[in-house]
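Engineer: Model the structure of this input:
(one chain, ligands or ions: 1)
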Amino acid sequence: MTWHSAEPFQNAVLSWFDLHGRKDLPWQKNISPYRVWVSEIMLQQTQVSTVIPYFDRFMDSFPTVEDLAMAPEDKVLQHWTGLGYYARARNLHNAANQIWQNYQGAFPESVEGLTELPGIGQSTAGAIASISMGLRAPILDGNVKRVLARYHRIQGWPGQSVTLKQLWDAAEHYTPQERVADYTQAMMDLGATVCTRSKPKCQSCPLNDKCQGLELGDALKYPNPKPKKKIPTKSTHMLLIENHDGELLLEKRPPSGIWGGLWSFLESENLPTVDEFADSYQFELEAQTTWEPIKHTFSHYHLMITPIHWRVKAKSSKVMESDREIWYNPQSPAEFGLATPVKKLIKQFQKASGSPAP
Ligand code: SF4
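Structural biologist: Okay, here's the model as predicted:
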């Protein structure tokens, strides 16, 4: 693959940034490795407009890497509820602990050092290094991939190593020595606001004089999509077990796997009976209603969830293990992370029981 001369490309991108780039996003104020890092992790798979309120709340609660390292995991996950991909939050928390304990609270000042931390890949490390430290480091997030793939009509799906290598080579070639922070932000902005997924605004793009995708009229084909694979559907039952005080039984999920470390309802793959649960939970339960199933989609499968509402008939002798099981009062705000469908079902439960949302 032959690249164009880097300097005119950089000049065009930087001049465009001076006029049109975004300069007042919350993480562009008081720039620090910590703020850039948190924003980059939140922006993976999530749009800027969704991220902004999450970022602001996160910074209010954990203004420094030390605050994040010292916070209980439940509190960190609670701030992530609704953003999805919870491994990102757990990695953020683990990495904060490592920075605090192994690096005396200061971020490593190289891409190699940054990528040793959990959840920080090459592109995120490049963004932290270039934006907050001024180091010349290329990035290749989804936006930049799209711009470069269209600009050079780079064939193949970026998940394939040959395609990915070409994209990284292009990113490396065009990254300037000077104004690297502005250039990084400019490339992300260009992908997010001009070279958009379905309606690129080529007329106002600073790269339109040499863009091969535009020239040949097939820019929308790039980057080539992932080869389609039908994802399977699994099913489960979630048990909304309500006690005499209108509280719901929640259990903490194991630290790894889906919704790791979040709080959820008890689950059963097969249709459970009251008697089975009476044995293991020493509850006397009475069946109430089975609700309409709800669908939750992960990247690799759909999950059909059938909610079942049961009430505790008589007081139980069971001792609750408070670090794993709790009775949650749905009237009070949760101070821990809840899996998204659980949050949805709690709302539905409140509606059905006529109580206001917390
Ligand atoms: S000219 Fe169009 S397709 Fe090419 S990089 Fe710009 S916006 Fe994307």
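Engineer: buried ones in the lowest-mean-pLDDT helix or strand in the chain?
Structural biologist: Ranked by mean pLDDT, DSSP states H and E, the weakest helix or strand in the chain is helix 274-281, scoring a mean of 74. Residues of helix 274-281 classed as buried: F277, Y281 (neighbour count, 16 or more other CB atoms under 10 Å). (Each C-beta comes from the backbone N, C-alpha and C, glycine too.)
Engineer: buried ones in the helix or strand just after that helix?
Structural biologist: Sequence-wise, the next helix or strand downstream of helix 274-281 (DSSP states H and E) is strand 284-290. Residues L285 are the ones in strand 284-290 that count as buried (16+ other CB under 10 Å).
Engineer: List the neighbouring strands of strand 284-290 plus their orientation.
Structural biologist: Here strand 284-290 is paired, per DSSP bridges, with strand 302-314 (antiparallel).
Engineer: and the closest residue to the ligand within the stretch 1-150 of the chain, which of the three is it?
Structural biologist: Closest contact between the stretch 1-150 of the chain and the ligand, by CB to the nearest ligand atom, is at R150 (4.0 Å). Here R150 is recorded as helix under DSSP: H, G, I helix; E, B strand; the rest coil.
Engineer: ok, the closest residue to it other than its chain neighbours to L207 distance?
Structural biologist: Closest residue in space to R150, ignoring its immediate chain neighbours: G213 at 3.7 Å, by CB to CB, 6 or more residues apart in numbering. Per CB to CB, to the nearest Å, G213 is found 10 Å from L207.
Engineer: Return every residue with contacts to both of those two.
Structural biologist: Y151 (CB atoms under 8 Å, 6 or more residues apart in numbering).
Engineer: Might you list the low-confidence residue ranges for this structure?
Structural biologist: Filtered on pLDDT under 70, the chain yields the residue ranges 314-322, 355-358.
Engineer: switch to 50 and redo it
Structural biologist: Along the chain, the parts satisfying pLDDT under 50 run over 357.
Engineer: Tell me the residues of it that contact the ligand?
Structural biologist: Counting by CB under 6 Å from any ligand atom, the chain comes close to the ligand at 147, 150-151, 194-195, 200, 202, 205, 207-208, 211, 213-214, 219.
Engineer: Include secondary structure, neighbour count and distance to K313 when you put those residues into JSON lines, please.
Structural biologist: Below are the residues of the chain next to the ligand laid out as JSON lines (DSSP: H, G, I helix; E, B strand; the rest coil; neighbours: other CB atoms under 10 Å; distance: CB to CB, whole Å):
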{"residue": "V147", "secondary structure": "helix", "neighbour count": "27", "distance to K313": "62"}
{"residue": "R150", "secondary structure": "helix", "neighbour count": "25", "distance to K313": "63"}
{"residue": "Y151", "secondary structure": "helix", "neighbour count": "24", "distance to K313": "67"}
{"residue": "V194", "secondary structure": "helix", "neighbour count": "20", "distance to K313": "62"}
{"residue": "C195", "secondary structure": "coil", "neighbour count": "29", "distance to K313": "61"}
{"residue": "P200", "secondary structure": "coil", "neighbour count": "22", "distance to K313": "62"}
{"residue": "C202", "secondary structure": "helix", "neighbour count": "15", "distance to K313": "67"}
{"residue": "C205", "secondary structure": "coil", "neighbour count": "21", "distance to K313": "67"}
{"residue": "L207", "secondary structure": "coil", "neighbour count": "23", "distance to K313": "69"}
{"residue": "N208", "secondary structure": "coil", "neighbour count": "17", "distance to K313": "71"}
{"residue": "C211", "secondary structure": "coil", "neighbour count": "21", "distance to K313": "69"}
{"residue": "G213", "secondary structure": "helix", "neighbour count": "23", "distance to K313": "66"}
{"residue": "L214", "secondary structure": "helix", "neighbour count": "20", "distance to K313": "69"}
{"residue": "A219", "secondary structure": "helix", "neighbour count": "20", "distance to K313": "64"}
